[in-house]
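In: okay, here's the prediction I keep looking at, along with the sequence it came from:
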Amino acid sequence: MKMKWLALFLGTSLALAACGGNDDAADKEPAKNSETTTAGAGDAAKIYENKCSSCHAVNLEGGVGPNLTKVGSRLSKADIEKVIANGQGAMPKAIIQGKEASMVAEWLAEHK
């Protein structure tokens, strides 16, 4: 009986550890002045990883969503921004908005 309780405790602990950990550190950082700092491709890649990779995969090879490894050869930055804003197929609209959407669209447009 003790082994069952131990297994239940460990299993629950692992599940909670894997699902938890909402890191709000980004929310606590002071806002940066967009005139004095420019976002790099690393920022766009992080946004993509956090918002898009669950469907399009971290390596852009697709999964639930289509393959994006060469999306820039098919779509311009403006076209990609429209897809992000309006959604397409099973993709919901406005998963990313504003400057973040523009950054990700520019980053994806470079993938040719």
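Out: Here it is on my side, so go on.
In: neighbours of His111, how many?
Out: The tally of other residues near His111 (other Cβ atoms under 10 Å) stands at 13. For glycine as for every other residue, the C-beta is placed from the backbone atoms N, C-alpha and C.
In: for Ala90, see how far away the nearest residue to it once chain neighbours are set aside is.
Out: Leaving aside its sequence neighbours, His111 sits nearest to Gly72 (Cβ to Cβ, 6 or more residues apart in numbering; 4.6 Å). Gly72 is 22 Å from Ala90, where distance means Cβ to Cβ, to the nearest Å.
In: mean pLDDT per helix and strand in this protein: which one sits at the bottom?
Out: helix 25-28 (a mean of 46; mean pLDDT, DSSP states H and E).
In: what's the next secondary structure element after that helix?
Out: Counting by DSSP states H and E, the next helix or strand C-terminal to helix 25-28 is helix 41-51.
In: buried residues in that next one, which are they?
Out: By 16 or more other Cβ atoms under 10 Å, the buried positions in helix 41-51 come out as Asp43, Ala44, Lys46, Ile47, Tyr48, Lys51.
In: right, and the fourth one touches Ile95 too?
Out: Read it as Ile47. No - applying Cβ atoms under 8 Å, one finds Ile47 not in contact with Ile95, separated by 10.0 Å.
In: any regions of this protein where pLDDT drops low?
Out: Judged by pLDDT under 70, the chain has its weakly predicted residues at 2, 6-7, 9-40.
In: fine, thanks again, bye for now.
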